[in-house]
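Asker: Pasting the sequence and the predicted model now:
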Amino acid sequence: MSTVRELAHAKVNLTLEIIGKRPDGFHNLVTVMTTIGLHDVVEVSEADDLGMADDGGIPAERNLALIAAKTLRDQTGVSAGAAISLEKRIPEAAGLGGGSADAAATLRALNRLWDLGLSPDELAEIGGTFGSDVPFLVHEGAALVQGRGEDITPLPLPAIDRLLVLYPDIPIPDKTKTLFSLVGSGRYTRGALSHKLAARIRAGHDAPAEFFFNAFQDLAPEVFEGWGSYRDALAGLGAREITLSGAGPSMFAVPPSKEIGTTWHLLLSRTRGWQAFITEPFALERAKE
């Protein structure tokens, strides 16, 4: 097996609740996440050394695909190398888990290339050492995720026909750290909304947008300059429930029909020139090579 290809699917947080601060300085979360059709492509090939053949425009010091590869090799004692190629389609630092998805796909791909025989749970444990979203994205699909991301309860894919994802290109340094620094105890919840939505999904019921929630939502206009204009533009097209994904700045809404979703997408992407995506909850069918 000289080359292995894996798709690295983005995610959205249907809910994101902050339970409280941990002794280690991080926060405990409760979130319902689902992977979506939007994806990057990761390829790994046999090589003498370990490195990036194509870095997708991500510098080495923050390229989670390369970090994942080095961590996997260190923790398994493998001496083999690999050339990693990354085709980016998910916007960077968007709240869609693009870097973590690349890391997860790299772990899966190298597990196959190096014939390690590690289980998804073992790969997730390794991924959790350097990224909170990586364990979920190793498994993909949908799940209720708790703690720092290590407590994963799988769910069926939510009954959502399509999602309109809008990415405002508003980069800020240390985005996630900045948002958490603004979260006081008044924003803490008990996770009830996430558990309620997870129960509905588990029972095969719909996943109404009225249940979607993000603890950072009210902070987004403060942290991301101009974010409100993107939200208002989407609302002006008729989107009723617009939800921040992760630590943003991406937001998403559920179009009432395929035709309306297509119209939203065309108006946002072609008329305004913004990065918008029509996608759907998606569980990866891995490409076998």
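Answerer: Arrived safely.

Asker: Can you read off the backbone torsions of Gly97?
Answerer: Main-chain dihedrals, Gly97, degrees, to the nearest 10: phi 70, psi 20.

Asker: burial measure for it, as a count.
Answerer: 29 (other C-beta atoms under 10 Å). For the C-beta atoms, the positions are set from N, CA and C on the backbone; glycine is no exception.

Asker: ditto for Glu241
Answerer: Neighbours of Glu241 under the rule other C-beta under 10 Å: 14.

Asker: ok now do it, which residues does it touch?
Answerer: Ala209, Glu210, Phe212, Ala253, Val254 (C-beta atoms under 8 Å, 6 or more residues apart in numbering).

Asker: That one and Glu225: what is the separation?
Answerer: Separation of Glu241 from Glu225 (C-beta to C-beta, to the nearest Å): 24 Å.

Asker: How about Asp55?
Answerer: Counting by C-beta to C-beta, the gap from Asp55 to Glu225 is 29 Å.

Asker: Neighbour count: the two, which is higher?
Answerer: Taking other C-beta under 10 Å, Asp55 and Glu225 do not tie; Asp55 has more neighbours (16 against 11).

Asker: contacting residues around that one?
Answerer: Asn63, Leu66, Leu86.

Asker: please redo it, this time with the cut-off set to 7 Å
Answerer: Asp55 is in contact with Asn63, Leu86, counting by C-beta atoms under 7 Å, 6 or more residues apart in numbering.

Asker: helix, strand or coil for the residue nearest to Leu163 when sequence neighbours are not counted?
Answerer: With C-beta to C-beta, 6 or more residues apart in numbering as the criterion, Leu163 has its nearest non-adjacent residue at 5.0 Å, and that residue is Phe252. Following DSSP: H, G, I helix; E, B strand; the rest coil, we place Phe252 in the strand state.

Asker: Next: Arg112.
Answerer: Classified using three-state DSSP, Arg112 is helix.

Asker: For it, the count of nearby residues, please.
Answerer: 18.

Asker: low-scoring stretches of this structure, by residue?
Answerer: 1, 284-289 (pLDDT under 70).

Asker: roughly how far apart are Trp114 and Ala283?
Answerer: 25 Å.

Asker: Between those two, which is the more surrounded one?
Answerer: Trp114 (21 against 14).

Asker: So what does that one have for phi and psi?
Answerer: The phi/psi pair for Trp114 (degrees, to the nearest 10) reads phi -90, psi 0.

Asker: dump the residue contacts of it.
Answerer: Per C-beta under 7 Å, 6+ apart, neighbours of Trp114: Val78, Ala80.

Asker: Now with 10 Å, please.
Answerer: Counting by C-beta atoms under 10 Å, 6 or more residues apart in numbering, Trp114 makes contact with Met1, Val4, Val44, Glu46, Leu72, Arg73, Thr76, Val78, Ser79, Ala80, Gly81, Ala82.

Asker: Just the buried subset of these, written out for PyMOL, thanks.
Answerer: To isolate the buried members of these in PyMOL, using 16 or more other C-beta atoms under 10 Å:
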select buried, resi 4+44+72+73+78+81+82
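
Asker: Check which residues of the helix or strand containing Gly20 are buried.
Answerer: For Gly20, the host element (DSSP states H and E) is strand 3-21. For strand 3-21, the neighbour count (16+ other C-beta under 10 Å) marks 4-19 as buried.

Asker: Go through the residues you listed and name the one nearest Leu50.
Answerer: The shortest approach to Leu50 among those belongs to Val4, at 14.4 Å (C-beta to C-beta).

Asker: picking that back up, wait, isn't the residue nearest to Leu163 in contact with Leu166?
Answerer: Yes - assessed by C-beta atoms under 10 Å, Phe252 is found in contact with Leu166 at 7.1 Å.
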